[in-house]
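S.K.: sequence and predicted structure are below.
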Amino acid sequence: MNSPNTLRRRYSTTMIVLTLLTVTAMLVGSLCGAARMEWRQLLESDIFWQLRLPRELLALAVGAALAVSGAGYQSVFRNPLTDPYLLGVSSGASLGAAIAIIMGLESHPYGVGLMALATGLLTVVVIIRIASTGGRLHSTTLLLCGVCLTLMISAIVSFLMVMHHDKIDRIIFWTMGSLTAAAWSDVALVGSVAIIGIAIMLFYAKDLNLMLTGSETAESMGVDVERVKRLVLGVTTLMVAFAVASCGVIGFVGLIVPHSVRLIVGADNRHVLPASALAGALLLLLCDTAARSLFQPSELPIGSLTALIGAPLFIILIYRNKKRF
């Protein structure tokens with residue numbers, strides 16, 4: 001068992017290392033891509049200002065939002081294996097995106113993104129309404145409803161792809177995630193939502209710590225469990241929905257990052273949440289740089305890379321720390 005002082009030192013060291021790695025990754029990533037650049041050309045290049053910098057900043061915002069959302073979900077459900085897509089945000093957004101692509105809304109600014117955002121949020125609202133009883137949210141019912149509705153919506157998306165062969169490639173690529181279309185407007189919108197959402201989560205970090213001990217214990221210590229649960233689910237769902245609407249479905253970040261961070265800095269959400277934000281931002285930045293650099297001029301879906309990196313790493317972490325479960 002690590003002492004509080006040891007965990008605080010680990011947290012401080014982790015934050016410093018993650019910050020340095022993120023800055024380094026941004027600098028190196030700015031030079032990578034189909035168009036090679038040298039350091040002296042960087043700040044004078046339109047490619048950097050209009051393509052690479054907004055793409056990197058969007059990767060940071062999306063990665064941080066997904067990772068912090070995962071940490072919030074895992075605290076609410078008291079399960080380190082809970083994923084922020086579990087309540088159907090990704091499946092609902094995928095359905096909206098598929099419908100928008102089929103309807104030809106890709107030519108309209110934010111046509112696909114807005115449709116994905118609307119259907120993603122609607123799916124979560126439906127699941128929460130189904131799972132609510134007497135003004136209380138039952139975690140087990142919520143998770144079961146999320147899984148069932150996710151499977152049903154995924155089947156509908158598959159049916160739509162079969163019925164519209166000419167657009168199947170675009171639907172599939174969107175569901176695997178990509179930051180190709182990143183723009184400054186996306187950075188402003190998703191970045192604002194991420195910053196506000198993370199700030200709210202940090203404000204309720206102590207309440208989340210108490211909820212980890214159990215609902216009854218938390219309530220006896222003055223925590224309005226149902227209110228905090230709904231607020232956390234609402235804030236995290238909004239962050240995930242805006243992230244998905246901007247760049248498609250990118251899995252595993254919200255699962256692997258908070259769990260990995262928790263193994264290093266402990267379970268205190270006052271440490272887990274900010275460290276997860278930095279680690280999630282760094283992971284997605286590295287994956288995006290690799291996605292656009294490894295097989296030029298082709299580009300890999302970023303979601304496939306996060307899964308390829310996240311799944312083996314997660315298995316290793318579980319194997320090496322299985323006594324903690």
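M.R.: Looks like it came in fine. A quick note: this is a predicted structure, and the numbers were derived from the prediction, not measured.
S.K.: can we go C-alpha only for contacts and neighbour counts from here?
M.R.: Will do.
S.K.: ok, which stretches of the stretch 101-250 of the chain are helices?
M.R.: Using DSSP state H, counting those that start in this stretch, the helices found in the stretch 101-250 of the chain span residues 111-131, 139-163, 168-175, 184-203, 205-211, 215-220, 225-247.
S.K.: helices and strands around the helix or strand that Leu263 is a member of, which ones?
M.R.: Under the criterion of DSSP states H and E, Leu263 resides in helix 253-265. Contacts defined by 3 or more C-alpha pairs under 8 Å, 6 or more residues apart in numbering; DSSP states H and E place helix 253-265 against helix 4-31, helix 53-76, helix 269-291, helix 302-320.
S.K.: buried deepest among these, which one?
M.R.: Of all the helices and strands packed on helix 253-265, helix 53-76 has the most neighbours on average by mean count of other C-alpha atoms under 10 Å, namely a mean of 29.
S.K.: how far off centre is it?
M.R.: Remark: helix 53-76 is offset 4 Å from the chain centroid, using C-alpha atoms, centre = their mean, to the nearest Å.
S.K.: thinking again about what came up before, using CSV, lay out the helices and strands packed on helix 253-265 together with mean pLDDT.
M.R.: Shown next, in CSV, are those (pLDDT from 0 to 100):
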stretch, mean pLDDT
helix 4-31, 92
helix 53-76, 94
helix 269-291, 95
helix 302-320, 80
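S.K.: which among these is found nearest to Val235?
M.R.: Closest to Val235 of the helices and strands packed on helix 253-265 is helix 53-76 (C-alpha to C-alpha; 8.2 Å).
S.K.: picking that back up, out of the helices of the stretch 101-250 of the chain, which is closest to Pro84?
M.R.: helix 225-247 (7.3 Å).
S.K.: just to revisit the earlier point, deepest-packed of the helices of the stretch 101-250 of the chain, please.
M.R.: Across the helices of the stretch 101-250 of the chain, averaging neighbours per residue (mean count of other C-alpha under 10 Å) puts helix 225-247 on top, at a mean of 23.
S.K.: distance to Gly72 and mean pLDDT added to the helices of the stretch 101-250 of the chain, as CSV?
M.R.: As requested, these are exported to CSV (distance: least, C-alpha to C-alpha, whole Å; pLDDT from 0 to 100):
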stretch, distance to Gly72, mean pLDDT
helix 111-131, 16, 86
helix 139-163, 13, 87
helix 168-175, 23, 84
helix 184-203, 7, 95
helix 205-211, 8, 93
helix 215-220, 15, 85
helix 225-247, 7, 89
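S.K.: which one of the helices and strands packed on helix 253-265 lies closest to Cys247?
M.R.: Of all these, helix 53-76 sits nearest to Cys247, with 8.5 Å by C-alpha to C-alpha.
S.K.: how far off helix 269-291 does the closest one point, in degrees?
M.R.: Angle, helix 53-76 to helix 269-291, by axes from the mean of the first three to the mean of the last three C-alpha atoms, to 10 degrees: 140 degrees.
S.K.: name the helices or strands packed onto helix 53-76?
M.R.: For helix 53-76, the packing partners by 3+ C-alpha pairs under 8 Å, 6+ apart come out as helix 4-31, helix 184-203, helix 205-211, helix 225-247, helix 253-265, helix 269-291.
S.K.: fine by me, we can end here.
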